[in-house]
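Visitor: Give me coordinates for this.
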Amino acid sequence: MNAQRGLKALEAEVVRELALTAHPRADWMVPRLHGGRPALDALVVGAGQSGLATAFALMRERVDNILVIDRAPEGQEGPWTTYARMPTLRSPKEQTGPDLDIPGLTFQAWYEAQHGAQAFTDLHLIPSVDWHNYLVWYRRVLGLPVRNGVAATAIAPGTLDDGGSCLLVTLSSGEVLATRKLVLATGQDGTGEWWMPEFVRALPADRRAHTCELAIDFERLRGKVVAVLGAGASAMDNAAVALEHGAEVHLFCRRRPTGVQRFRWLTFAGFMRHIGDMPDLWRWRMVGTILRAREGFPPDTYTRVMAHAERFTMHVERSWTDARMEDGRIRLETTRGPFVADFAICGTGIRQNLGLRPELASFADKVALWGDRFTPPPGEEDPLLAAFPYLGPDFALLEKVPGEAPWLADIHVFGIGSTLSFGPSGSSINAMNIAVPRLVAGVTRGLFAGDLGRHWQSLQDYDVKMLDLDWSRIETGER
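Guide: Predicted coordinates:
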């Protein structure tokens, strides 16, 4: 089939579906100014899948005065063609997400338009590069307003020219944007950092890396001994790439792998839609259990590694306790004696720490964390969970001390940092069609509430006649 012709037909179908489901169509926002210059109604930081879906949902709600920014060059947003070293997604191919229930916007529709229905049937898992290309198409076909190559570096409260509140967001370009609402769709490390043990970080930069790094030169590792720390999917992905480049790989797991993937358990409507409404104790227990379990080895990734079994060894229940350079190599101290390697890779995930993010650092101490709002029962304490931001029902940051920073309510977190409060949300495809509408409803609720006075006046002034009455045919009480 002609892929170009198929896509053109699909794009026409998307236009029709959007037109058929465009209710309500009435514009309800009015331009606002800050310092005599136009202010945004919403700024979305991050043009990955979550940021793009958020922008689409806002525009569906007739909030058009928005901008999405991303620090990456155009076409390199998100992990899919950068540091996600996996050939396919983990999610089932039928799973929907950014489409937000518009059939023509689903990955399946996009894929079939180019390759045919049988090709999708034959597909096992979605290739990562195809998912990336789908998101590029999604951005284009929806006309989403994205500016690449800029990052948010600071956030502060401000005041609009008419007295309303806004946020002032400083960009890496030096420009300052005024916006009424801010959505941080900044992915995995958006409220913290990619973490590695300090003794590994202290090694020379050319001898160690984190799995999140874009520029690992795997070809340089050919014939070398590579030590990988971690029991999750990204650790195994990086082990696989190193093996494929001819390295000898040793993977160290603190715990014994089980092969159980608890993230698969939670993919049902009750949990994904309502875990954020449950009492704190149950959110702490249920989401905490899933977060502590980490992401297991996907079967395809394990198979990929075991294709090079002669150069691969897994060390279970063997943690690293220290590291140093010795005779030009890395000496790792472990719980079962030393190990010598040429290169170390940490697949150790992320840690929550708002103060490490430049755009959040100036007010991180004012943000309520789970540790500030919830005291777990004895024996259920977890300092890693306690460091998550405790979010309001609309994904907004809350004040640690009431009245100290009320403007935090205009900052909505839609990344890994929202997980303990809402389960899979800003960091997951499987909950996107539930989480994005909830987030956007919170944003539009705030925009509406901020304009109540104007809406009240508009109601008083409303005099659009539906018809002209023929008063000669109407009897009144007048004599």
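Visitor: how about the helices of the stretch 1-150 of the chain, start to end?
Guide: With helices called from DSSP state H, counting those that start in this stretch, the stretch 1-150 of the chain shows them at 3-20, 49-60, 107-115, 117-122, 128-142.
Visitor: Show the average pLDDT along the third one.
Guide: In this model, helix 107-115 carries a mean pLDDT of 97.
Visitor: Start the count at 169 instead of 1 going forward.
Guide: New numbering, starting at 169: the last item is helix 275-283.
Visitor: which helices and strands does that helix pack with?
Guide: Contacts defined by 3 or more Cβ pairs under 8 Å, 6 or more residues apart in numbering; DSSP states H and E place helix 275-283 against helix 171-188, helix 285-290, helix 296-310. C-beta here means a position set from N, CA and C on the backbone, and glycine is covered the same way.
Visitor: who are the neighbours of the shortest one, in terms of helices and strands?
Guide: Where contact means 3+ Cβ pairs under 8 Å, 6+ apart, helix 285-290 is packed against helix 275-283.
Visitor: Distance from the chain centre to the helix it packs on, please.
Guide: Relative to the centre of its chain, helix 275-283 is centred 24 Å away, using Cα atoms, centre = their mean, to the nearest Å.
Visitor: What lies in contact with it?
Guide: With contact meaning Cβ atoms under 8 Å, 6 or more residues apart in numbering, helix 275-283 is reached by 169, 171, 174-175, 177-178, 181, 261-262, 264-265, 267, 271, 287-288, 291, 294, 298-299, 302, 305-306.
Visitor: picking that back up, which among the helices and strands packed on helix 275-283 is found nearest to residue 514?
Guide: Closest to residue 514 of the helices and strands packed on helix 275-283, according to Cβ to Cβ: helix 296-310, at 21.4 Å.
Visitor: Which elements pack onto the closest one?
Guide: Helix 296-310 packs on helix 171-188, helix 217-228, helix 275-283, going by 3+ Cβ pairs under 8 Å, 6+ apart.
Visitor: one step back: closest one to residue 328 among the helices and strands packed on helix 275-283?
Guide: Of all the helices and strands packed on helix 275-283, helix 296-310 sits nearest to residue 328, with 28.2 Å by Cβ to Cβ.
Visitor: Just the buried residues of the closest one, please?
Guide: For helix 296-310, a neighbour-count test (16 or more other Cβ atoms under 10 Å) marks 296, 298-307, 309-310 as buried.
Visitor: now swap in stretch 183-200 and tell me
Guide: Within stretch 183-200, the residues scored as buried using 16+ other Cβ under 10 Å are 185-186, 197, 200.
Visitor: go on, stretch 475-486?
Guide: Neighbour counts using 16+ other Cβ under 10 Å place 476, 480, 482-483, 486 of stretch 475-486 among the buried residues.
Visitor: quick one: that stretch to chain centroid distance?
Guide: Centroid displacement of stretch 475-486 relative to its chain, using Cα atoms, centre = their mean, is 32 Å.
Visitor: before we move on, what about stretch 443-454?
Guide: For stretch 443-454, the separation from the chain centroid amounts to 21 Å (computed by Cα atoms, centre = their mean).
Visitor: contacts for it?
Guide: Stretch 443-454 is contacted from outside by 434, 439, 455, 538, 541-542, 544-545, 548, 553, 561, 588-591, 593, 606, using Cβ under 8 Å, 6+ apart.
Visitor: Flag the shaky bits of the stretch 219-368 of the chain, pLDDT-wise.
Guide: Counting by pLDDT under 70, not a single residue of the stretch 219-368 of the chain qualifies.
Visitor: out of the buried residues of helix 296-310, who's nearest residue 627?
Guide: Closest approach to residue 627 among the buried residues of helix 296-310 (Cβ to Cβ): residue 310, at 32.2 Å.
Visitor: What spatial separation is found between the residue nearest to that closest one when sequence neighbours are not counted and residue 298?
Guide: Closest residue in space to residue 310, ignoring its immediate chain neighbours: residue 224 at 5.4 Å, by Cβ to Cβ, 6 or more residues apart in numbering. In this view, residue 224 and residue 298 are 20 Å apart by Cβ to Cβ, to the nearest Å.
Visitor: What of residue 580?
Guide: Residue 580 sits 30 Å away from residue 298, going by Cβ to Cβ.
Visitor: Likewise for residue 527?
Guide: 32 Å.
Visitor: Repeat that for residue 538.
Guide: Distance from residue 538 to residue 298, by Cβ to Cβ: 37 Å.
Visitor: can you pull the pLDDT of residue 485?
Guide: Taking residue 485 on its own, its pLDDT is 92.
Visitor: Was I right to think it contacts residue 421?
Guide: Yes: counting by Cβ atoms under 8 Å, residue 485 touches residue 421, with 7.0 Å between them.
Visitor: would you turn the helices of the stretch 169-318 of the chain into TSV with distance to residue 207?
Guide: Listed next are the helices of the stretch 169-318 of the chain as TSV, based on distance: least, Cβ to Cβ, whole Å:
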stretch	distance to residue 207
helix 171-188	27
helix 217-228	15
helix 275-283	35
helix 285-290	44
helix 296-310	23
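Visitor: Minimum distance to residue 491: which of those has it?
Guide: Judged by Cβ to Cβ, the one of the helices of the stretch 169-318 of the chain that comes nearest to residue 491 is helix 296-310, at 31.1 Å.
Visitor: Against residue 565, how distant is residue 531?
Guide: For residue 531, the distance to residue 565 equals 9 Å [Cβ to Cβ].
Visitor: Tell me which of the two has more neighbours.
Guide: With neighbours defined as other Cβ atoms under 10 Å, residue 531 and residue 565 compare such that residue 565 has more, 27 against 22.
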